[in-house]
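Visitor: give me coordinates for this.
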Amino acid sequence: MAEWISGESVGNDRHLDAFAVVRHELIHDAANVALREQGMDPIYTAGAAARVAVIGQAPGRRAQASGVPWDDASGVTLMQWLGVTEGQFRDPDKFALLPMDFYYPGPGRGGSGDAPPRRGFAARWHPPLFALMPNIRLTLLIGRYAQQAYLPIARAETLTDTVRRYEQFLPERFPLVHPSPLNFRWHARNPWFAAEVVEDLRRHIETALR
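Guide: Take a look at the predicted model:
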């Protein structure tokens, strides 16, 4: 018997949107059943015409509650770095927002920040989504978890060195530090990021979206 999602049958319906099929399978994966039972939904966006993929860590508490990716101060800063409006950023025909885990992972040990994304989650669910997005021109890798997954050989020993050497990963990938306000000390120590990298990032975003 076919199951139902958003009013559409999942099963033998050839006309069901492929993204809805992936989402249905993700939600009902055994690893996510407990989260579904808690009323949690996966937080991400993806569209067949997307040009830029943004791969972050995992949704924060606020994003999980609102159902909106990057729904916090980090998202505001990221949009400023990219030089785009919120409308552009949230347009699935322009941006795919795919964290390393689509669910809030809970607080970190000792209440310091959030726990890391679950291992193996991105490896399981990113490929079927990327397969539906053939127009991706640029992938932003935000933070060390995304960079460890997508730059396992070429990345430098530290996140700072990887971001500093961003040009060697272009034109397909662009590593970035996380835009969290908690990283203010990193930015104070690395003024080259705002002075040089952000400007180049905006040029590459403009080209990818053109």
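Visitor: alpha carbons only for contacts and neighbour counts from here, please
Guide: Fine.
Visitor: for Phe95, see how far away the nearest residue to Thr85 once chain neighbours are set aside is.
Guide: Nearest non-adjacent residue to Thr85, counting by CA to CA, 6 or more residues apart in numbering: Met79, 6.7 Å away. According to CA to CA, to the nearest Å, Met79 and Phe95 sit 11 Å apart.
Visitor: separation between Trp81 and Val198?
Guide: 6 Å.
Visitor: now swap in Gly39 and tell me
Guide: 38 Å.
Visitor: count residues in the vicinity of Phe89, would you?
Guide: 21 (other CA atoms under 10 Å).
Visitor: and if you look at Pro191?
Guide: Neighbours of Pro191 using other CA under 10 Å come to 11.
Visitor: distance of it from Arg164?
Guide: 11 Å.
Visitor: swap in Gly75?
Guide: 22 Å.
Visitor: where exactly do the helices run in this structure?
Guide: In the chain, the helices defined using DSSP state H lie at 18-27, 33-37, 61-66, 73-82, 86-89, 121-130, 144-150, 159-164, 184-189, 192, 198-209.
Visitor: and the angle for the first one with helix 121-130?
Guide: Using axes from the mean of the first three to the mean of the last three CA atoms, to 10 degrees, the interaxial angle of helix 18-27 with respect to helix 121-130 works out to 160 degrees.
Visitor: just the residues contacting helix 18-27, thanks.
Guide: Helix 18-27 has contacts (CA atoms under 8 Å, 6 or more residues apart in numbering) with 5, 10, 32-33, 36, 41-42, 46-47, 125, 128-129, 132.
Visitor: of those residues, which is the nearest to Thr160?
Guide: Trp125 (27.6 Å; CA to CA).
Visitor: quick one, what contacts that closest one?
Guide: Trp125 touches Leu26, counting by CA under 8 Å, 6+ apart.
Visitor: try the one 4 residues further on
Guide: Listed by CA under 8 Å, 6+ apart, the contact partners of Leu129 are Phe19, Val22, Ala46.
Visitor: residue ranges with poor pLDDT in this protein?
Guide: 1-16, 109-112 (pLDDT under 70).
Visitor: recalculate using a threshold of 50.
Guide: Scanning the chain for pLDDT under 50 picks out the ranges 1-15.
Visitor: ok so, going back, quick one: the residue nearest to Thr85 from Asp17, how far?
Guide: Distance from Met79 to Asp17, by CA to CA: 29 Å.
Visitor: between these two, which one's more packed in?
Guide: Comparing Met79 with Asp17 by other CA under 10 Å, the one with more neighbours is Met79, at 16 against 11.
Visitor: need the contact list for that one.
Guide: Here Met79 is in contact with Thr85, Glu86, Phe89 (CA under 8 Å, 6+ apart).
Visitor: save the residues you listed as TSV, and put in distance to Leu151 too.
Guide: TSV is the format used below for the contacts of Met79 (distance: CA to CA, whole Å):
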residue	distance to Leu151
Thr85	28
Glu86	28
Phe89	24
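Visitor: show me which of those is closest to Gly106.
Guide: Nearest to Gly106 among those, with distances taken as CA to CA, is Phe89, at 25.5 Å.
Visitor: residues contacting that closest one?
Guide: Met79, Phe95.
Visitor: the chain should start at 17 in everything you say after this.
Guide: Right, with 17 as the first residue, what we last looked at is Phe105.
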